[in-house]
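Student: Okay, predicted coordinates and the sequence, questions at the end:
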Amino acid sequence: MKKGLFCLLLALMLLAPAALAEDDPDDSAVFTVTDENGVALFAISHAVNVGDEYISRDNVLYRIGQVSGTTATASRVGEEAMPDVSWLDAGEAQAVFAPSGGAVQAASGSTDGKKLIAMYVTHSDESYVPSDGTQSIDGQGGIYDVARQFRDALQAKGIDVILDESTHLPHDSGAYRRSRRTAERLLQNRPDAIIDIHRDGIPNADEYVATIDGENASQVRLLVGRSNQNSEVNRAFAKEIKAVADKKYPGLVKDIFIGKGNYNQDLSPNAILLEFGTHTISKERVLNSTDVMADVVSTTLYGAQTGSARGTKTAKAESAEKASTSAKNKGSMSGIALLAVLVVVGVILFALVQTGGGKAMGNKIGRNLREMTGGLVGKKKDEDAS
């Protein structure tokens with residue numbers, strides 16, 4: 001009896017994480033949410049449930065009170081209190097983000113002073129129709145191009161990034177259970193934050209179209225799961241990201257959706273799901289957003305930085321610059337070598353003209369070379385005399 005009870009408890013413990021992940025809704029349907037007057041607030045390709053919350057672009061909090069089919073109604077709760085990011089104006093160094101606003105390291109994070117962020121892709125097939133030709137690719141979709149460029153932009157800021165490119169197909173609610181294993185593996189490295197990279201699936205691309213720093217770009221939506229013990233700190237992390245983005249790049253962050261699922265965010269306080277655009281927007285616009293979003297995430301976690309994201313060298317640019325410098329150095333060395341040969345030839349010809357050849361010419365060459373090189377090259381005086 002005791003042995004059977006023990007086996008049952010062990011099985012429940014092993015299945016508990018998977019059960020949590022299975023609660024996450026898939027995004028097969030597009031939900032439209034309106035306010036109590038029927039005015040459209042937002043659309044999202046995630047299941048919407050009563051009790052879900054939404055922080056709009058202008059930081060107004062709404063709560064879902066009714067759901068009928070794929071339409072939901074939300075009531076206005078009031079202005080959402082956002083973090084104070086006045087430290088950005090002073091350019092102050094800031095400790096790694098923590099909900100207290102003053103902790104010296106992330107709750108999940110590294111303790112050796114290194115900057116480390118982990119990333120993965122739960123919905124591996126997600127793609128961008130205008131650029132990839134389809135919204136779903138059986139394997140690594142266009143979303144991996146976004147994840148890679150986002151990684152490169154973070155690395156250009158001196159941050160170590162682990163991007164796990166595992167796939168978690170098929171695209172269904174079970175994808176979060178499968179990606180959970182990836183997230184758990186990544187967290188063994190004790191990153192300062194872990195980010196799940198997605199794109200939305202709403203049909204209207206205009207809802208994500210933006211111009212950031214004068215460049216065609218895409219907005220980014222933040223998702224937080226409310227069904228886990230880290231929900232409050234996950235929410236605080238998302239709000240900090242939005243506050244920094246609103247200050248540095250107004251219009252970059254679209255909004256924050258706090259949904260019923262947990263999106264594996266119960267694994268870490270500094271976990272966030274980022275949706276880069278939607279499937280009907282061009283991937284090029286989305287890629288243009290990765291540099292500024294990297295600047296936002298870096299600033300949120302590690303403090304204010306000088307310069308703008310647009311001025312940051314990418315890894316590719318640094319590689320090209322190194323190659324160019326190497327070529328210039330080789331060219332300079334070749335020029336110096338050629339000049340040295342010409343000088344030696346000149347010395348020999350000059351000595352030949354003056355002496356007519358023989359031992360006298362050799363002595364003359366030695367003296368000339370010694371004088372030109374400060375004694376490093378050429379015969380010594382005692383050898384001249386012999």
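Tutor: Everything's here; your move. Numbers count the residues shown, from 1 in each chain.
Student: before we move on, which element is the nearest residue to residue 195 once chain neighbours are set aside in?
Tutor: Distance criterion CB to CB, 6 or more residues apart in numbering; nearest residue to residue 195, sequence neighbours excluded, is residue 119 at 4.8 Å. Any C-beta I mention is one placed from the backbone N, CA and C, and that applies to glycine too. For residue 119, the element it lies in under DSSP states H and E is strand 116-120.
Student: partners of that strand, with directions?
Tutor: strand 160-163 (parallel), strand 193-200 (parallel) (DSSP bridges).
Student: can you list the residues that contact the first one?
Tutor: Contacts with strand 160-163, where a contact means CB atoms under 8 Å, 6 or more residues apart in numbering, come from 114-120, 147-148, 151, 154-155, 186, 189, 191.
Student: Please, a ChimeraX command that selects the buried ones among those residues?
Tutor: Burial among the contacts of strand 160-163 is assessed by 16 or more other CB atoms under 10 Å; the matching ChimeraX selection reads:
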select :115,116,117,118,119,120,147,148,151,154,155,186,191
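Student: how about the helices in the protein?
Tutor: Residue ranges of the helices in the chain, as given by DSSP state H, are 2-22, 87-90, 129-132, 143-155, 175-187, 231-248, 283-302, 315-355, 358-372, 381-385.
Student: winner for burial among the strands paired with strand 116-120?
Tutor: Across the strands paired with strand 116-120, averaging neighbours per residue (mean count of other CB atoms under 10 Å) puts strand 193-200 on top, at a mean of 26.
Student: Now for residue 158, how many residues are close by?
Tutor: By other CB atoms under 10 Å, the residues close to residue 158 number 11.
Student: gap between it and residue 114?
Tutor: 10 Å (CB to CB, to the nearest Å).
Student: what does residue 198 give?
Tutor: In terms of CB to CB, residue 198 sits 27 Å off from residue 114.
Student: on that earlier part again, return the strand holding residue 119 as PDB; C-alpha atoms alone will do.
Tutor: Extracted in PDB, the C-alpha atoms of strand 116-120 (Å, rounded to 0.1, in the frame of the first residue of the first chain):
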ATOM      1  CA  LEU A 116      23.800  36.500 -19.800                       C
ATOM      2  CA  ILE A 117      20.400  36.200 -21.500                       C
ATOM      3  CA  ALA A 118      18.800  33.000 -22.700                       C
ATOM      4  CA  MET A 119      16.300  32.700 -25.600                       C
ATOM      5  CA  TYR A 120      14.200  30.000 -27.300                       C
END
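Student: by how many degrees do it and helix 283-302 diverge?
Tutor: If you take axes from the mean of the first three to the mean of the last three CA atoms, to 10 degrees, strand 116-120 sits at 140 degrees to helix 283-302.
Student: what sits up against strand 116-120?
Tutor: Contacts of strand 116-120 (CB under 8 Å, 6+ apart): 109-110, 147, 150-151, 154, 159-164, 166, 179, 182-183, 186-187, 189-197, 297, 301.
Student: cool, stretch 37-48 as well?
Tutor: 25-35, 54, 56, 62, 64, 67, 72, 74, 200-202, 204, 207, 221, 223, 255, 257, 259-260, 278.
Student: what's the span of it, first residue to last?
Tutor: Chord length of stretch 37-48, first to last residue, is 19 Å (CA to CA, to the nearest Å).
Student: Same check on stretch 225-233?
Tutor: 11 Å.
Student: try stretch 45-63
Tutor: When the end residues of stretch 45-63 are compared by CA to CA, they are separated by 17 Å.
Student: Equivalent analysis for stretch 30-38, please.
Tutor: 17 Å.
Student: Would you mark the buried spots in it?
Tutor: 30-31, 33.
Student: and if you look at stretch 130-148?
Tutor: 132, 135-137, 140-148.
Student: will you turn those residues into TSV that also has pLDDT and distance to residue 268?
Tutor: Below are the buried residues of stretch 130-148 laid out as TSV (pLDDT from 0 to 100; distance: CB to CB, whole Å):
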residue	pLDDT	distance to residue 268
132	98	30
135	98	29
136	98	28
137	98	28
140	98	24
141	98	25
142	98	26
143	98	21
144	98	22
145	98	25
146	98	21
147	98	18
148	98	22
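Student: which one of these is nearest residue 269?
Tutor: residue 147 (21.9 Å; CB to CB).
Student: Now for the residue nearest to the closest one when sequence neighbours are not counted: which residues touch it?
Tutor: Of all residues not flanking residue 147 in the chain, residue 197 sits nearest, at 4.4 Å (CB to CB, 6+ apart). Neighbouring residues of residue 197 by CB under 8 Å, 6+ apart: 119-121, 143, 146-147, 150, 274, 276.
Student: what's the answer for residue 30, then?
Tutor: Contacts of residue 30 (CB under 8 Å, 6+ apart): 43-45, 70, 201-203.
Student: which among the residues you listed end up buried?
Tutor: By 16+ other CB under 10 Å, these give 43-45, 201-202 as buried.
Student: Filter those down to the ones in strands?
Tutor: Using DSSP state E, the members of those that fall in strands are 43-44.
Student: The buried ones among the contacts of residue 30: which two are farthest apart?
Tutor: 43 and 201 (9.6 Å).
Student: what about stretch 200-218, how long is it end to end?
Tutor: 11 Å.
Student: Which positions in that stretch come out as buried?
Tutor: 200-202, 205, 207-210, 212, 217-218.
Student: Which of these sits closest to residue 264?
Tutor: Nearest member of these to residue 264, counting by CB to CB, is residue 200, at 18.4 Å.
Student: which ones are touching the closest residue to the closest one other than its chain neighbours?
Tutor: Residue nearest to residue 200 in three dimensions, not counting chain neighbours: residue 278, with 4.0 Å by CB to CB, 6+ apart. Going by CB under 8 Å, 6+ apart, residue 278 touches 45, 199-205, 207-208.
Student: cool, residue 77 as well?
Tutor: Shown in contact with residue 77 (CB under 8 Å, 6+ apart): 53, 61-63.
Student: which among those gets closest to residue 282?
Tutor: Among the contacts of residue 77, and counting by CB to CB, the member closest to residue 282 is residue 62, at 29.6 Å.
Student: Cool, thanks, talk later.
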